[in-house]
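Colleague: from the sequence below, what's the structure:
(one chain, ligands or ions: 1)
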Amino acid sequence: MSTFRTSMLVAALASAATVSAHGHVTNVVVNGVSYQGYDPTSFPYMSSPPTVAGWTASNTDNGFVEPNSFADPDIICHKTATPGGAHIQVAAGDSISIQWNTWPESHKGPMIDYLAACDGTCESVDKTSLEFFKIDGAGYDAATDTWASDVLIENGFSWLVKIPENVAPGNYVLRHETIALHSAGQENGAQNYPQCINLQITGSGTAKPSGVLGTELYKPDDAGILVNIYNGLSDYEVPGPALIDGAVSSVAQSTSAITSTGTAIVPGGDSGATSAPPSAGEEPTTAAPAPTSEPEPTVEEPTTQAPSTMITATRPSEAPTTTAVPPTTAAPTTAAPTSAPTGGVGAQTLYGQCGGINWTGATACAEGSCKSWNPYYSQCVNSA
Ligand SMILES: [Cu+2]
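Modeller: Numbering: from 1, shown residues only. From the prediction side, this is the model:
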């Protein structure tokens, strides 16, 4: 039954490829300053992941929340999400750029953003108490046959969202989401990809819009959820509550230049803007298992003006490596990684981190080679 086995293998590979094509938010850019997001495909495997404003979640496969789970807390900020340990300061009226590593062209759908006020700090908030109000919601333009997700891709996988000027200052959770509709013509076929980020909004606004609980945002049979997008759609109704006063469905989209990197603020702790979380020279441990699905490489590093400061930051030249290993950019092409003489004091173990912005640990791999998944994370992987 080798034919059967072969088809099973092909199916498994195809499935894996599909999954790995999904994406997640890598970073948020506020007035040129880039803040790292939560990476569900790498942070779970790190011994001491960075403290970021992005919420922790267990979607290690970059997967989605299905309509049958709309009443489950998983819909709030993705699967088994817990609050990010820090927050990013933004001013009401600012437009912030939410940048993804990638997104598949086939996964067409709306881009939606909500805010929910935290009673106290968002880092310790009970997510089931959060009441979300919508600050943007872009769907489909029938005239040009363009989905908001197409615009995300066109802008280097980034989405610009404006924090309404009238919103009262305070701590908020930003809930950023796309809903892939390629299979939404059938029940439970839509795919929600929510991700949350803690913000501290400054300003003099006074509006405190009412919102709805995350578990009440959508119903599986909403017009914008159970919808066949292949039937000459003339109109698409973005699901969820109405936009608040003062918000627009979307601001004009553009990419945002990154001029520096920042570190999110930890409540009661250091708000140092440039310090790196891992201490220099720390020997990373690698007890964590390998990712079950291959992380998605950044297909095209947003040509979007990654400027010199950022490029400089990604160079491992200052890393305290003590071995004479070739730089990560010159990964050996020899086919036998196990025989590659990359071991040595300070070399990273298989699946350990070996580079990325703010990384001060080993940049050499004792096993495998160092592969860059995104500007913030390079990992020792088997090149086979
Ligand atoms: Cu998919």
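
Colleague: and what about T215, helix, strand or coil?
Modeller: Classification of T215 into helix, strand or coil gives helix, according to DSSP: H, G, I helix; E, B strand; the rest coil.

Colleague: buried residues, stretch 43-57. List them.
Modeller: Buried residues in stretch 43-57, defined by neighbour count with 16 or more other Cβ atoms under 10 Å: 43-46, 49-57. The way it works is simple: take the backbone N, C-alpha and C, and place the C-beta from them, glycine included.

Colleague: ah, wrong one, I meant stretch 56-71
Modeller: For stretch 56-71, a neighbour-count test (16+ other Cβ under 10 Å) marks 56-57, 59-67, 69-70 as buried.

Colleague: need the max-distance pair from the buried residues of stretch 43-57.
Modeller: Y45 and A53 (20.4 Å; Cβ to Cβ).

Colleague: ok so, going back, biggest separation within the buried residues of stretch 56-71, which pair?
Modeller: Within these, two members stand farthest from each other by Cβ to Cβ: T56 and P67, at 23.5 Å.

Colleague: which secondary structure state is assigned to I98?
Modeller: When the structure is split into helix, strand and coil by three-state DSSP, I98 lands in strand.

Colleague: how much space is there between it and A190?
Modeller: Separation of I98 from A190 (Cβ to Cβ, to the nearest Å): 21 Å.

Colleague: what of E177?
Modeller: Counting by Cβ to Cβ, the gap from E177 to A190 is 11 Å.

Colleague: these two: which is more packed in?
Modeller: Neighbours per residue, other Cβ atoms under 10 Å: of E177 and A190, the larger number sits with A190, 27 against 24.

Colleague: check the spatially closest residue to A347 that is not a sequence neighbour and give its pLDDT.
Modeller: With sequence-adjacent residues excluded and distances taken as Cβ to Cβ, 6 or more residues apart in numbering, A347 is closest to A366, at 3.9 Å. We note a pLDDT of 83 for A366 in this prediction.

Colleague: and the strands in the stretch 1-150 of the chain, which stretches?
Modeller: With strands called from DSSP state E, counting those that start in this stretch, the stretch 1-150 of the chain shows them at 25-30, 33-36, 88-91, 95-100, 111-117, 131-138, 140-141, 146-147.

Colleague: of all these, which lies closest to Y172?
Modeller: Across these, the minimum distance to Y172, taken as Cβ to Cβ, is reached by strand 111-117, at 4.6 Å.

Colleague: and stretch 253-272, how far from the chain's centre?
Modeller: Mean C-alpha position of stretch 253-272 versus that of the full chain (Cα atoms, centre = their mean, to the nearest Å) differs by 15 Å.

Colleague: mind listing what's buried in it?
Modeller: Residues 253, 255-256, 258, 261-267 are the ones in stretch 253-272 that count as buried (16+ other Cβ under 10 Å).

Colleague: all helices for the stretch 51-200 of the chain, in order.
Modeller: Along the stretch 51-200 of the chain, the stretches classed as helices by DSSP state H, counting those that start in this stretch are 74-77, 148-154.
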